[in-house]
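*Asks:* missing the sequence, but the structure's below:
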């Protein structure tokens, strides 16, 4: 179950350029008049192009398009000040290729990539916001020679799924899963920044899903450090709560699946069960 998925960033190549980041005096640059260009080529290490399977071949590389749909690139100076932010999405012709320039000095490079939505990233923190997310921070020192460096982005979230085993009643208009105790990360290092985030996923129930069993909600959790609570609600069209369940002591690990499954509408006293299946496609689910 503990297979790992990586995104590789290859070919950190420096060459003479004209633009520069300005390092602090204590960076002791060898020549402040020189600047160097940096090119990152972002690749995916994967055994196939199926949807984010966690089983990998270490020497199989392909484009990140299809695995992620946006990335955030940041540069911090040696004092921890954010000096550059670049965002890309998969609609860009140069998605996965990042070009920048540096004066000699010390910097921290941060790259975050995700699929499914926009990561909340600013100076000082980032929050995966329920999306499959990958992160890496590396220090670099720019002196007077070219640098060629591989960077591997690691998945920093676990997958959380809610699978409702009984049929969805016709009176249910929406479902909500509320994760109490998700976290955000500090930048540039990536440690825990805040533990009080509440992630809320609300899904409207189309007529095509009513009466179906095994309806499943999927999200991704940044809190892979300690247990959290999940609240589950079913509402009618007026917003009235029809059914409610709470699951305590839920835990996620990076690159693994936590499955909450049980009956919400019939024989709800049987409760919601927590299991940890293999990462992959469950044929007995109906997704939104």
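*Replies:* Yes, it's here. This is a predicted model, so every value here is computed, not measured.
*Asks:* hang on, residue 258 packs against residue 274?
*Replies:* Yes. Using C-beta atoms under 8 Å, residue 258 is in contact with residue 274, at 6.6 Å. (Each C-beta comes from the backbone N, C-alpha and C, glycine too.)
*Asks:* what ranges do the helices span in the stretch 151-288 of the chain?
*Replies:* Applying DSSP state H, counting those that start in this stretch to the stretch 151-288 of the chain gives no helices.
*Asks:* where does the prediction get shaky in it?
*Replies:* For the stretch 151-288 of the chain, the stretches flagged by pLDDT under 70 are 195, 268-269, 281.
*Asks:* do that again at 80, thanks
*Replies:* 151-153, 190-191, 193-196, 267-270, 280-288 (pLDDT under 80).
*Asks:* need the strands for it, in chain order.
*Replies:* Secondary structure of the stretch 151-288 of the chain (DSSP state E, counting those that start in this stretch): strands located at 151-155, 158-164, 174-186, 192-204, 215-221, 228-235, 241-250, 257-262, 272-275, 286-287.
*Asks:* how far off centre is the fifth one?
*Replies:* So the one you mean is strand 215-221. 14 Å (C-alpha atoms, centre = their mean, to the nearest Å).
*Asks:* other SSEs contacting it?
*Replies:* strand 158-164, strand 174-186, strand 192-204, strand 286-287 (3 or more C-beta pairs under 8 Å, 6 or more residues apart in numbering; DSSP states H and E).
*Asks:* so which of those gets nearest residue 244?
*Replies:* Nearest to residue 244 among the helices and strands packed on strand 215-221 is strand 174-186 (9.7 Å), distances taken as C-beta to C-beta.
*Asks:* tell me who's in contact with the residue nearest to the spatial centre of the chain.
*Replies:* Centroid-nearest residue in the chain, with C-alpha atoms, centre = their mean: residue 133, separated by 1.4 Å. The contact partners of residue 133, by C-beta atoms under 8 Å, 6 or more residues apart in numbering, come to 112-114, 119, 155-157, 220, 222.
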